[in-house]
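Undergrad: Just the structure for this:
(one chain, ligands or ions: 2)
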Amino acid sequence: MALMTGAQYIESLKKLNTKVYLFGEEVKDWVDHPMIRPSINCLAMTFELAHDPEYADLMTAKSNLTGKTVNRFTHLHQSSGDLVKKVKMQRLLGQKTASCFQRCVGMDAFNAVYSTTFEIDKKYGTEYHERFKKYVEYVQENDLVVDGAMTDPKGDRGAAPSQQTDPDMFLRIVEKRPDGIVVRGAKCHQTGSINSHEHLIMPTIAMTEADKEYAVSFAIQSDVPGIFMVYGRQSCDTRKLEENADIDLGNKTFGGQEALVVFDDVFIPNDRIFMCEEYDFAGMLVERFAGYHRQSYGGCKVGVGDVIIGAAALAADYNGAHKASHIKDKLIEMTHLNETLYCCGIACSAEGYPTQAGNYQIDLLLANVCKQNVTRFPYEIVRLAEDIAGGLMVTMPSQKDFESDLKVGQTGKTIGEWCNKLYAAAPGVSTENRMRILRFLENICLGSSAVGYRTESLHGAGSPQAQRIMIARQGNINQKKELAKVIAGIKE
Ligand code: SF4
Ligand code: FE
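TA: Ligands and ions are numbered 1, 2, ... in the order given. Presented below is the predicted three-dimensional model:
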């Protein structure tokens, strides 16, 4: 099929029998559920933009496996130029959706599993890499969305997988059969899991021999028996269920999505297994996937940042405050922070290098520095946006009030007339437009989109401490000591 449209993607989801639960109940028509649909629309943009000639160079690539044009989200990076284009594509999608568009986790997983399986085979004589190549061809040919799933519930953070009181805290192999394996466990806060056709599972931490049944990687269709998902709720999410609340939503079309994905004894056939007890490669797979996803944040969060900076500037215009020098300075600071993140995303890509399997890996130190900055700068960008917007962002009445024709008071005006009159600001600016931009900022700073821009910036692709560990490992302090010794004339 190659290169589905957004509409074809949405139709394809309706054919799946994915089990989704929300508010304690099964949701049968989850594709059209108002709380879930914005995340599907958002992911659909990864298909739509691939058909736009203006973006073809960023959104598509030539497959190294088949020579065909594929969506870049299913591509195995063949050069540092590919890595740079990946980041630019993510910035573009952040700009078009102001949300997490979810498809990157699969792309990052493909590239990590591709190179890791090659090295497992080299050591153990297994055939995971050839299997995985066939799998990627299948994904590319059908333009599928694959949820790259890594994070286990983890239980007691002080205990290894095999030391947990409850063994289900890490996903594991519970049975080996001639034709495959049976797995049990879960993956938590999985971005884009409900609206994915497939799941590509990876271990979540480096492991020892005692943990070997937890060292497992495989791909499986999202709706096979035993898999179910519990939708994660977001701040202000039930506004999406209200009528006449489009403006109150701030971003009514797009949003992100996370869910708990449970594997309650799921059979995985042999041709879908890419790691089975090779515990000594769990750390490599984790490190590579995390590295790619830390690079990703130097693109997606920057694109969303662009929209936030634009919204803050509009809020200043609509408030009549745009000429104040401190407002201009705050917009400069926001731009500086946002572009610094982009520099990191581009730098770790430009410094990419080929793996043994031939696809390109980002520079790990720079990718971890990128993500470490992402744990901080979006918070400052949002603080400045809130500063510029003013308190009305969180205190103004609802859309229904602005539209109400209920007469109140003694002079015969309606609630709508009072609200529109009293919340007017700069001359010539409609109160509705002012409300729209403030609600957008509320949504991205505090509402349902804050999941993707704020807390995900902190914890997505690994919490800050995970990057500090990698920076410590990659930082090469001893080499820096030698540099200082030479300059200072020290001979030991
Ligand atoms: Fe893609 Fe960013 Fe969402 Fe991760 S957080 S899936 S990189 S948009
Ligand atoms: Fe993420």
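Undergrad: can we go C-alpha only for contacts and neighbour counts from here?
TA: Fine.
Undergrad: mind listing the helices in the stretch 301-450 of the chain by residue range?
TA: Using DSSP state H, counting those that start in this stretch, the helices of the stretch 301-450 of the chain run over 325-350, 364-374, 377-389, 399-402, 415-422, 431-445, 450.
Undergrad: how about these in CSV, adding mean neighbour count, mean pLDDT and distance to ligand 1?
TA: Output for the helices of the stretch 301-450 of the chain, formatted as CSV (neighbours: other C-alpha atoms under 10 Å; pLDDT from 0 to 100; distance: least, C-alpha to the nearest ligand atom, whole Å):
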stretch, mean neighbour count, mean pLDDT, distance to ligand 1
helix 325-350, 20, 98, 11
helix 364-374, 26, 98, 11
helix 377-389, 21, 98, 13
helix 399-402, 18, 98, 29
helix 415-422, 16, 98, 36
helix 431-445, 23, 97, 14
helix 450, 22, 89, 12
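Undergrad: Now tabulate these in JSON lines and tack on distance to Ala2.
TA: Output for the helices of the stretch 301-450 of the chain, formatted as JSON lines (distance: least, C-alpha to C-alpha, whole Å):
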{"stretch": "helix 325-350", "distance to Ala2": "26"}
{"stretch": "helix 364-374", "distance to Ala2": "31"}
{"stretch": "helix 377-389", "distance to Ala2": "36"}
{"stretch": "helix 399-402", "distance to Ala2": "42"}
{"stretch": "helix 415-422", "distance to Ala2": "50"}
{"stretch": "helix 431-445", "distance to Ala2": "34"}
{"stretch": "helix 450", "distance to Ala2": "33"}
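Undergrad: Between those, which one is closest to Ser222.
TA: Closest approach to Ser222 among the helices of the stretch 301-450 of the chain (C-alpha to C-alpha): helix 450, 26.7 Å.
Undergrad: Get me the contact residues on the stretch 201-350 of the chain for ligand 1.
TA: Residues of the stretch 201-350 of the chain that fall close to ligand 1, judged by C-alpha under 6 Å from any ligand atom: 293, 296-297, 300.
Undergrad: run the last query once more with 5 Å
TA: Taking C-alpha under 5 Å from any ligand atom as the criterion, the neighbours of ligand 1 within the stretch 201-350 of the chain are 296, 300.
Undergrad: Where does the prediction get shaky in the stretch 201-350 of the chain?
TA: Within the stretch 201-350 of the chain, no range satisfies pLDDT under 70.
Undergrad: any chance you could map the strands in the stretch 1-150 of the chain?
TA: Under the criterion DSSP state E, counting those that start in this stretch, the stretch 1-150 of the chain contains strands at 20-22, 25-26, 60-62, 69-71, 146-149.
Undergrad: Now tabulate these in a markdown table and tack on mean pLDDT and distance to His459.
TA: Listed next are those as a markdown table, based on pLDDT from 0 to 100; distance: least, C-alpha to C-alpha, whole Å:
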| stretch | mean pLDDT | distance to His459 |
| --- | --- | --- |
| strand 20-22 | 98 | 23 |
| strand 25-26 | 98 | 28 |
| strand 60-62 | 98 | 29 |
| strand 69-71 | 98 | 27 |
| strand 146-149 | 98 | 15 |
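Undergrad: Switch the ones you listed over to a markdown table; also include distance to ligand 1.
TA: Formatted as a markdown table, the strands of the stretch 1-150 of the chain follow (distance: least, C-alpha to the nearest ligand atom, whole Å):
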| stretch | distance to ligand 1 |
| --- | --- |
| strand 20-22 | 20 |
| strand 25-26 | 25 |
| strand 60-62 | 16 |
| strand 69-71 | 15 |
| strand 146-149 | 9 |
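Undergrad: Could you identify which of the ones you listed is most buried?
TA: When those are scored by mean count of other C-alpha atoms under 10 Å, the highest mean neighbour count falls to strand 146-149 (a mean of 28).
Undergrad: For Phe47, find the nearest of the strands of the stretch 1-150 of the chain.
TA: Evaluated with C-alpha to C-alpha, the strands of the stretch 1-150 of the chain place strand 69-71 nearest to Phe47, the distance being 7.6 Å.
Undergrad: Tell me which residues are up against that closest one.
TA: Identification of contacts with strand 69-71 by C-alpha atoms under 8 Å, 6 or more residues apart in numbering yields 2-3, 47, 50, 59-63, 140-141, 143.
Undergrad: Roughly how far does Lys133 sit from ligand 1?
TA: Look at Lys133 and ligand 1: by C-alpha to the nearest ligand atom, to the nearest Å, they are 22 Å apart.
Undergrad: Quickly note the distance from that residue to Met4.
TA: As judged by C-alpha to C-alpha, to the nearest Å, Lys133 and Met4 stand 21 Å apart.
Undergrad: more neighbours, these two?
TA: A side-by-side neighbour count of Lys133 and Met4, using other C-alpha atoms under 10 Å, places Met4 first with 21 against 16.
Undergrad: show me the contacts for that one.
TA: When the contact criterion is C-alpha under 8 Å, 6+ apart, the partners of Met4 are 47, 142-143.
Undergrad: Show me just the buried residues among those residues.
TA: Neighbour-count burial (16 or more other C-alpha atoms under 10 Å) is assigned, among those, to 47, 143.
Undergrad: Can I get the contacts of Met4 in JSON lines including pLDDT and distance to ligand 1?
TA: JSON lines is the format used below for the contacts of Met4 (pLDDT from 0 to 100; distance: C-alpha to the nearest ligand atom, whole Å):
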{"residue": "Phe47", "pLDDT": "98", "distance to ligand 1": "14"}
{"residue": "Asn142", "pLDDT": "98", "distance to ligand 1": "20"}
{"residue": "Asp143", "pLDDT": "98", "distance to ligand 1": "17"}
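Undergrad: re the thing from before, can you list the strands of the stretch 1-150 of the chain in JSON lines and add distance to Asp363?
TA: Output for the strands of the stretch 1-150 of the chain, formatted as JSON lines (distance: least, C-alpha to C-alpha, whole Å):
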{"stretch": "strand 20-22", "distance to Asp363": "38"}
{"stretch": "strand 25-26", "distance to Asp363": "43"}
{"stretch": "strand 60-62", "distance to Asp363": "21"}
{"stretch": "strand 69-71", "distance to Asp363": "24"}
{"stretch": "strand 146-149", "distance to Asp363": "21"}
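Undergrad: Which of those sits closest to Ser222?
TA: Taking C-alpha to C-alpha, strand 146-149 is the member of those nearest to Ser222, at 9.0 Å.
Undergrad: What lies in contact with the very next helix or strand once past the closest one?
TA: Using DSSP states H and E, the helix or strand that directly follows strand 146-149 along the chain is strand 172-177. Strand 172-177 is contacted from outside by 181-185, 213-216, 265, using C-alpha under 8 Å, 6+ apart.
Undergrad: Which members of the residues you listed are positioned in strands?
TA: Among the contacts of strand 172-177, DSSP state E puts 181-185, 216, 265 in strands.
Undergrad: now, which of the residues you listed sits nearest Leu249?
TA: Closest approach to Leu249 among those (C-alpha to C-alpha): Gly185, at 35.1 Å.
Undergrad: could you list every residue that touches the closest one?
TA: Neighbour list for Gly185: 152, 168-172, 262-264 [criterion: C-alpha under 8 Å, 6+ apart].
Undergrad: and it, how far is that from Asp265?
TA: Taking C-alpha to C-alpha, one finds Gly185 at 8 Å from Asp265.
Undergrad: Run a quick neighbour tally on the closest residue to Glu209 other than its chain neighbours.
TA: Nearest residue to Glu209, sequence neighbours excluded (C-alpha to C-alpha, 6 or more residues apart in numbering): Tyr279, at 6.3 Å. Tyr279: 22 surrounding residues under other C-alpha under 10 Å.
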